[in-house]
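Colleague: Quick one: sequence plus predicted model below, questions after.
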Amino acid sequence: MENILIVDDEKNYTMIIGEILQEEGYTSFTASSGMEALDILNNEIIDLILTDVKMPGMSGIQLLEKIKEINPDLPVIIMTAYGSVEKAVDAMHRGAYTFILKPFENQALIAYITKALSIYKIVQENSRLKDAISSRYSFDNIIGKSRPMQEIYEIIKKVAPSNASVLIEGESGTGKELVAKSLHYNSPRRNKPLIAVNCSAFAETLLESELFGHEKGAFTGASALKKGRFEISDQGTLFLDEIGELPISLQTKLLRVLQEKTIERVGGTLPIPVDFRLIAATNKNLENEVKNGNFREDLYYRLNVVKTVMPPLRERSEDIPLLIKHFVDKYTNDRQSESRVSGITPEAVKILCDYQWKGNVRELENIIERCILLGSRDMITPSDLPLQIRQNISSFLDLDGIPQDVGLAETLTAIEKRMIQRAMKLSGNVQTKAAQLLGIGKSGLNQKLKKFNLG
């Protein structure tokens, strides 16, 4: 049950209130002065404080100010006599939950306490949720050790604390939205809204209303005022996904919003100030779109304060084993009661590392989730992988590109050497792991390393 601290220099009051709280199942602590209360607060977990206004030394108002420095969310109920009502009202302006006049009805006091504790519990849960979200989207948790991903980490680390606009380019499924969330949750705006809009998901007229909002009666069906995403993201971050699909007419209006920091709702005439940080993402090359006349050059330069390009998964193959482990852990933990799968065999990892992943990280995650959902064994094996992945071994060998005068032995030797080099890279030069990836013994790998002078 919750812990409540009672602060009053009149011992009779602390004793009586303590008995009332005990009957209701609360644990009570008592203090006869502000300094004694602060000592208890620093050594015990306290969920609510009841304090008198008039006390020798530190007053209840001064104690309130100290409490709010320690924990701004902790509810404080002020107890006061009729002659000190003005001070009690002043205390509420300084952050007190409410005040109650002495003498008071027991049930009235319990009602105030119950409601204050309920609100405090919600505030704590929201705080924990924000911390969990912030941790989840910390740039330290974006999976990848490859050089391109290390560069992404550095950009996030440097840019997140600023208000600079960020443009994220990259193929679908590469993790652009995850980077946007990491930028937001590592920024000073982390406790404000992160609002996402997919620009390709709306028709032009609907997208305008979605972004700018509309006044009541602005068009047929506009039966009530609606705030747009610009307004809703005020003080926070607006993430415009697939901004390359934004119609030219809305590009012009977006540019004006970024320049003037105001918007007008559809059907409205009054400028409304907005303050948001803009992060945009696209699977197109916006520079080429500008050259082709599909995207405004001035808007492109407004967005392109900081630009980062998410590499496709096929260009960071050394990250694939890390991603596989991450997704296996994620879905085995999420579905412990539904699946017996607990891991993946080296042979299956090798096949997944050889695949070209046109759908990038999203496709890899979907495959791992599917294998865990449908798996009937403790480990994911090659037979659990979709047929198109198991049969992929010939898809990345450009057989038609091999010169006609190159013999079979020379070709096989080149392929063998390249696979050994890749296995050593993926395993971090640990020969035992590299041998497992190649499906050969360690002694056999040693011989081949000497053969190709790779030792």
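Modeller: Happy to help now that I have it.

Colleague: which residues of the stretch 151-300 of the chain score low on pLDDT?
Modeller: Residue ranges of the stretch 151-300 of the chain with pLDDT under 70: none are present.

Colleague: contact partners of stretch 413-425?
Modeller: Under the criterion CB atoms under 8 Å, 6 or more residues apart in numbering, residues 317-318, 353, 397, 431, 434-435, 437-438, 445, 448-449, 452, 454 lie in contact with stretch 413-425. Bear in mind the C-beta positions are built from the backbone N, C-alpha and C, glycine included.

Colleague: By neighbour count, which bits of it are buried? Give me those.
Modeller: 419-420, 422-424 (16 or more other CB atoms under 10 Å).

Colleague: How much space separates the spatially closest residue to G60 that is not a sequence neighbour from I156?
Modeller: Nearest non-adjacent residue to G60, counting by CB to CB, 6 or more residues apart in numbering: V53, 4.1 Å away. As judged by CB to CB, to the nearest Å, V53 and I156 stand 49 Å apart.

Colleague: who's in contact with the residue nearest to G60?
Modeller: 59-61, 78-80, 84, 87-88, 91.

Colleague: Of these, select the buried ones using a PyMOL command.
Modeller: To isolate the buried members of the contacts of V53 in PyMOL, using 16+ other CB under 10 Å:
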select buried, resi 59+60+61+78+79+80+84+87+88+91
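
Colleague: Surely I78 and A88 touch.
Modeller: Yes - in terms of CB atoms under 8 Å, I78 counts as a neighbour of A88; the distance is 4.9 Å.

Colleague: Overlap in contacts, the two.
Modeller: Jointly contacting I78 and A88 under the rule CB under 8 Å, 6+ apart are 53, 96, 99.

Colleague: Just send these back as JSON lines, with secondary structure and pLDDT too.
Modeller: What follows is the shared contacts of I78 and A88, written out as JSON lines (DSSP: H, G, I helix; E, B strand; the rest coil; pLDDT from 0 to 100):
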{"residue": "V53", "secondary structure": "coil", "pLDDT": "88"}
{"residue": "A96", "secondary structure": "coil", "pLDDT": "91"}
{"residue": "F99", "secondary structure": "strand", "pLDDT": "89"}
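
Colleague: which among those residues gets closest to H326?
Modeller: Nearest to H326 among these, counting by CB to CB, is A96 at 46.6 Å.

Colleague: hang on, the earlier thing: out of the shared contacts of I78 and A88, who's nearest V349?
Modeller: A96 (59.1 Å).

Colleague: what about the stretch 351-455 of the chain, any weak spots by pLDDT?
Modeller: 391-402, 455.

Colleague: so what's L5 bridging to?
Modeller: Residues in a beta bridge with L5, per DSSP bridges, are F29, I49.

Colleague: what number of residues lie near it?
Modeller: 24 (other CB atoms under 10 Å).

Colleague: residue contacts, it?
Modeller: 28-31, 37, 40-41, 44, 46, 48-50.

Colleague: With A164 instead?
Modeller: 277, 305-306.

Colleague: That one looks like it's in a helix, true?
Modeller: No - counting by DSSP: H, G, I helix; E, B strand; the rest coil, A164 is located in no helix; its state is coil.

Colleague: How much space separates it from V305?
Modeller: From A164 to V305 the distance is 5 Å (CB to CB).

Colleague: cool, S233 as well?
Modeller: 18 Å.

Colleague: And these two? Which one has more around it.
Modeller: Each of S233 and V305 has its neighbours counted (other CB under 10 Å); S233 has more, 23 against 14.

Colleague: quick one: buried residues of stretch 275-286?
Modeller: In stretch 275-286, counting by 16+ other CB under 10 Å, buried: 276-283, 286.

Colleague: no no, stretch 208-220
Modeller: 208-215, 218.

Colleague: Out of these, which comes closest to F104?
Modeller: G213 (46.2 Å).

Colleague: ok, that closest one - contacts?
Modeller: The contact partners of G213, taken as CB under 8 Å, 6+ apart, are 225-228, 230-231, 263, 265-266.

Colleague: If you rank the residues you listed by neighbours, which is first?
Modeller: F230 (25 neighbours).
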